[in-house]
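>>> Test case, fold it:
(chains A and B)
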Amino acid sequence: QQPVQSPQAVILREGEDAVINCSSSKALYSVHWYRQKHGEAPVFLMILLKGGEQKGHEKISASFNEKKQQSSLYLTASQLSYSGTYFCGTVSMEYGNKLVFGAGTILRVKS
Amino acid sequence: DGGITQSPKYLFRKEGQNVTLSCEQNLNHDAMYWYRQDPGQGLRLIYYSQIVNDFQKGDIAEGYSVSREKKESFPLTVTSAQKNPTAFYLCASSRGTGQYQVYGYTFGSGTRLTVV
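The predicted structure follows:
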């Protein structure tokens, strides 16, 4: 079962903040976040493990609420280089411990 | 530098042909994966392999076949049975799998397959 991402797309000006959400109907072991530039391979940003941790990567951080089966990716003071499509991926026992990706959130940062 | 190499970058297939996409990694990762990406959509799992000489079907395995004879290599064959093969194909690898995975996936640069 594919996780649901929201919003589908967001447009920001440089310096603005954004939040991308990812929710699942299954109990999760972990949540992955990736960014993909047009025509390129997805690049791993971070993984959040069961336990409700929060992680940071430069000005990009994420949280994982295990009870709600939700994760959020926070982008602060956005830069032009943040533009791309962001995917969350979830791992759950009910889905055979395989990584299943959401449909993606398109982020565009304008100057 | 370690990484995943996919070839070719672009591939054109005639109706009824089988084509093979190459994927090689030098990361010493046990697990390898093939994903298909269609425009504006997420990544869908075709096949995956957690160990040499073993592989499992993903969500959309029909019309595809794989082999895993070496740890470094996981080629994907798109057969004539795949009715709509035009897509972007991504190979990935990882240390650990499933609930024991604490590292992310590393992706290759992809192969864009077009049916002509």
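>>> For the closest residue to chain B within chain A, which three-state class applies?
Of all residues in chain A, A:Asn97 sits closest to chain B, at 2.8 Å by CB to the nearest CB. Quick note: C-beta positions are derived from backbone N, CA and C, even for glycine. Counting by DSSP: H, G, I helix; E, B strand; the rest coil, the backbone at A:Asn97 sits in coil.
>>> can you tell me how far it sits from A:Pro3?
Using CB to CB, to the nearest Å, we find A:Asn97 at a distance of 15 Å from A:Pro3.
>>> and these two? which has more neighbours close in?
Between A:Asn97 and A:Pro3, counted using other CB atoms under 10 Å in any protein chain shown, the more crowded position is A:Pro3 (26 against 16).
>>> Would you list the phi and psi of A:Glu94?
Torsion angles at A:Glu94 (phi, psi; degrees, to the nearest 10) stand at phi -60, psi -20.
>>> One more: A:Ser30?
phi -160, psi 160.
>>> I'd say it and A:Ala62 touch.
No. Here A:Ser30 does not reach A:Ala62: they are 11.5 Å apart, not a contact under CB atoms under 8 Å.
>>> what do the two both touch?
Both A:Ser30 and A:Ala62 are in contact with A:Leu48, where contact means CB atoms under 8 Å, 6 or more residues apart in numbering or on different chains.
>>> tell me which parts of chain A are close to chain B?
Contacts of chain A with chain B, taken as CB under 8 Å from any CB of the partner chain, map to A:2, A:29-30, A:32, A:34, A:40-47, A:49, A:87, A:89, A:91, A:93, A:96-104.
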